[in-house]
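> here are the coordinates; sequence isn't available:
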């Protein structure tokens, strides 16, 4: 048994996952250590406003560069990848300038449509936050391409420490939703700049030179990877909308305080997904693309990785299902016990979100983006209907969270099965 573990641990894939996961674990540990202090300083309403702000920012970030950043890992030639970086930056900047203009001219009406009028004082921070988030994503994708996993891990920890110290310090002096929003923006910018600087100076990031690319312009690269704006961006938008929808609807029916409880539960339970799940996805994405080009058994890769993800995640999520309210009351204060009740249901949904990372990472390489878009449309429609029925008819937030989580879990199970089957069919057709 020990020999098998050692063999696994010495594999490059496992080593890369462990490198990213250990860095992310330490970064998340820092966040979790500070969370009981920060929740006691700011309270549910501040967390609720930040949750809504982040959900809208996520939608804007997703649309800003038409999902071209997700393609940076794929080109064989670094010159094409660099063109995708430039394309993403240009599109992101232009779209954020347009959105800033819309907010200046008709920001109040825009926020009313999203039931987010609470954000009126912070509306001009939305495009800034979205562009900063986009920069962070672009840097992360380039570092994934260059296999600079140790840099991502190391400086992710530094950024997490700095941002949490800022939140705590400001919270002691003047706790507010604005303080949390600004520190989130500063944290994203700081992390992106720090990791990019480390890549350029510590590793000596090589200058990219024209290679054997057949694409002699940014426009041609945009056309070559047009399936990302055609299919991946709508899918990502629907997914971001699905993520944001509960907060927006809960705010409309029950107020910002309830959103705060939901936001905290989501943040804590999403930690394993961003910790191990994010690490696996970052390493698995380029690996599965290489495996397909080499004719390897991709289906087996997905099944094996998904199984081990389930083994890692089952115990933490079961603990939340069993003791959610008690754990949240003990860790964050008695007023947060409601967040613990939400967490018991969210754990079901987020467990399957956690284990679906290998399958989702394989989607672009298996050319399943159009089918993935249809899946997102159907699963999101089902979750929207569940939320609407529970909130508008029964007016019960906990019931809405429960039904939303069950529908989401069933959808993720179906997704994993579909991609595993598709991987087998893709390999058969390729042969």
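Good, I have the coordinates. Everything numeric in this text was worked out from a predicted model, so none of it was measured. Residues are numbered from 1 along each chain as shown.

> Next, residue 175: secondary structure please.
Using DSSP: H, G, I helix; E, B strand; the rest coil, the structure places residue 175 in coil.

> from memory it sits against residue 39, does it?
No: if you go by CB atoms under 8 Å, residue 175 and residue 39 don't touch, sitting 10.6 Å apart. (Each C-beta comes from the backbone N, C-alpha and C, glycine too.)

> Which one of those two is surrounded by more residues?
residue 39 (22 against 18; other CB atoms under 10 Å).

> check contacts around residue 111.
Going by CB atoms under 8 Å, 6 or more residues apart in numbering, residue 111 touches 117, 119, 120, 123.

> nearest spatial neighbour of the first one, skipping sequence neighbours?
Read that as residue 117. Distances taken as CB to CB, 6 or more residues apart in numbering put residue 111 closest to residue 117, at 5.0 Å, once the chain neighbours are dropped.

> do residue 327 as well
residue 340 (6.2 Å).

> give me the number of residues near the one you found?
The tally of other residues near residue 340 (other CB under 10 Å) stands at 23.

> And residue 382, by the same measure?
Using other CB under 10 Å, residue 382 has 17 neighbouring residues.

> go on, residue 158?
For residue 158, the count of nearby residues is 18 (other CB under 10 Å).

> Then residue 239?
18.

> What separation do you get for the nearest residue to it once chain neighbours are set aside and residue 391?
Of all residues not flanking residue 239 in the chain, residue 376 sits nearest, at 5.7 Å (CB to CB, 6+ apart). To residue 391, residue 376 is 22 Å away according to CB to CB, to the nearest Å.

> Report the separation between residue 48 and residue 27.
Residue 48 sits 24 Å away from residue 27, going by CB to CB.

> nope, residue 330 is what I was after
In terms of CB to CB, residue 330 sits 23 Å off from residue 27.

> any idea of the pLDDT on the closest residue to residue 37 other than its chain neighbours?
Distances taken as CB to CB, 6+ apart place residue 168 nearest to residue 37, at 5.7 Å, with adjacent residues excluded. Residue 168 is assigned a predicted lDDT (pLDDT) of 92.

> List the residues that contact residue 168.
Contacts of residue 168 (CB under 8 Å, 6+ apart): 34, 37, 38, 41.

> any idea which of the residues you listed is the one closest to residue 349?
Nearest to residue 349 among the contacts of residue 168 is residue 38, at 24.6 Å by CB to CB.

> Okay, and that closest one sits in which element?
helix 12-42 (DSSP states H and E).

> average pLDDT for that helix?
For helix 12-42, the per-residue pLDDT averages 76.

> Following the chain onward from that helix, which element is next?
helix 44-64.

> So which elements touch that following helix?
helix 78-113, helix 125-145, helix 177-201, helix 233-254, helix 256-272 (3 or more CB pairs under 8 Å, 6 or more residues apart in numbering; DSSP states H and E).

> change it to 6 Å
helix 125-145, helix 177-201, helix 233-254, helix 256-272 (3 or more CB pairs under 6 Å, 6 or more residues apart in numbering; DSSP states H and E).

> Could I get the full set of helices for the stretch 201-350 of the chain?
218-224, 227, 233-254, 256-272, 278-294, 298-332, 337-355 (DSSP state H, counting those that start in this stretch).

> Rebuild the ones you listed as JSON lines, extending it with mean pLDDT and distance to residue 56.
Formatted as JSON lines, the helices of the stretch 201-350 of the chain follow (pLDDT from 0 to 100; distance: least, CB to CB, whole Å):
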{"stretch": "helix 218-224", "mean pLDDT": "90", "distance to residue 56": "27"}
{"stretch": "helix 227", "mean pLDDT": "87", "distance to residue 56": "27"}
{"stretch": "helix 233-254", "mean pLDDT": "84", "distance to residue 56": "7"}
{"stretch": "helix 256-272", "mean pLDDT": "86", "distance to residue 56": "12"}
{"stretch": "helix 278-294", "mean pLDDT": "72", "distance to residue 56": "22"}
{"stretch": "helix 298-332", "mean pLDDT": "89", "distance to residue 56": "25"}
{"stretch": "helix 337-355", "mean pLDDT": "92", "distance to residue 56": "20"}
